[in-house]
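Engineer: Sequence first, then the predicted structure, then my questions.
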Amino acid sequence: QKEVEQNSGPLSVPEGAIASLNCTYSDRGSQSFFWYRQYSGKSPELIMSIYSNGDKEDGRFTAQLNKASQYVSLLIRDSQPSDSATYLCAVNTPPWNAGNMLTFGGGTRLMVKP
Amino acid sequence: DAGVIQSPRHEVTEMGQEVTLRCKPISGHDYLFWYRQTMMRGLELLIYFNNNVPIDDSGMPEDRFSAKMPNASFSTLKIQPSEPRDSAVYFCASSFYTSSYNEQFFGPGTRLTVL
């Protein structure tokens, strides 16, 4: 079983809609969760980090974390064509005393259609 | 502030040649990571350093791969000899770690093609 799982997509949403991206992880000890956006041919760009259960909002982006269900999601409100990219979920993984190793999911490709 | 810097951005080489990829982390960051990304396997951690010391190299695919970090501002990833299956995008990332903050920032990557 992969440690971090995402639906590969593509997830297609119309412009202006809410895009919902989901991620599950396997290690209950994980404490740090990140969403990266990666445009084709570019490097991953950190857009959200979340460390506590609940919601964290930053502009049009909201990250949601539920540690009991081992689930983290990213909502993008008022989706724009410029949001079309692959979104990578990353979770910190053991060994816990050796810093901040991250395991990445395979990414969800989002397409926002005008 | 400058972000993570990598060079070269593109490298095309022939099988059997030595390849050296370079990385300059963000100033003040104490962790440096080397990743490889392919369509088939996604983003994989190869090795990471803490304060210039290699901590975990279990992701290095085989002995042909080696990495060094001689000082806080420079790291290299070397492949010798290179093979076509090493073709991928190699990313370097750095972070400043605390118990409540450990965001990693990526460089632009090196696209390696081995013919």
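Structural biologist: The structure has been received and is ready for your questions.
Engineer: element containing the closest residue in space to B:Pro61 that isn't next to it in sequence?
Structural biologist: Nearest in space to B:Pro61, with sequence neighbours left out and distances taken as Cβ to Cβ, 6 or more residues apart in numbering or on different chains, is B:Leu46 at 7.6 Å. Placement of C-beta: from N, CA and C, glycine included. Applying DSSP states H and E as the criterion places B:Leu46 in strand B:42-50.
Engineer: Put the alpha carbons of that strand into CSV.
Structural biologist: Extracted in CSV, the C-alpha atoms of strand B:42-50 (Å, rounded to 0.1, in the frame of the first residue of the first chain):
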residue,chain,number,x,y,z
GLY,B,42,6.5,10.1,-9.5
LEU,B,43,8.6,12.1,-7.1
GLU,B,44,11.1,10.0,-5.2
LEU,B,45,13.5,11.0,-2.4
LEU,B,46,17.1,9.9,-3.2
ILE,B,47,19.1,11.2,-0.3
TYR,B,48,19.0,14.0,2.3
PHE,B,49,21.5,15.9,4.4
ASN,B,50,21.2,17.7,7.7
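Engineer: which element follows it toward the C-terminus?
Structural biologist: Once the chain leaves strand B:42-50, the next helix or strand it forms, by DSSP H and E, is strand B:53-56.
Engineer: Give me the mean pLDDT for that next one.
Structural biologist: In this model, strand B:53-56 has a mean pLDDT of 92.
Engineer: can you check stretch B:9-20 too?
Structural biologist: Mean predicted lDDT for stretch B:9-20 stands at 97.
Engineer: Report pLDDT for the residue of chain B found nearest chain A.
Structural biologist: Per Cβ to the nearest Cβ, B:Asn102 is where chain B lies closest to chain A, at 3.5 Å. For B:Asn102, the pLDDT comes out at 78.
Engineer: And it, how far from B:Arg85?
Structural biologist: 32 Å (Cβ to Cβ, to the nearest Å).
Engineer: So those two - more neighbours on which side?
Structural biologist: For B:Asn102 versus B:Arg85, the count of surrounding residues by other Cβ atoms under 10 Å in any protein chain shown is larger for B:Asn102: 20 against 10.
Engineer: does that one really touch A:Phe33, like I thought?
Structural biologist: No - judged on Cβ atoms under 8 Å, B:Asn102 makes no contact with A:Phe33 at a distance of 10.9 Å.
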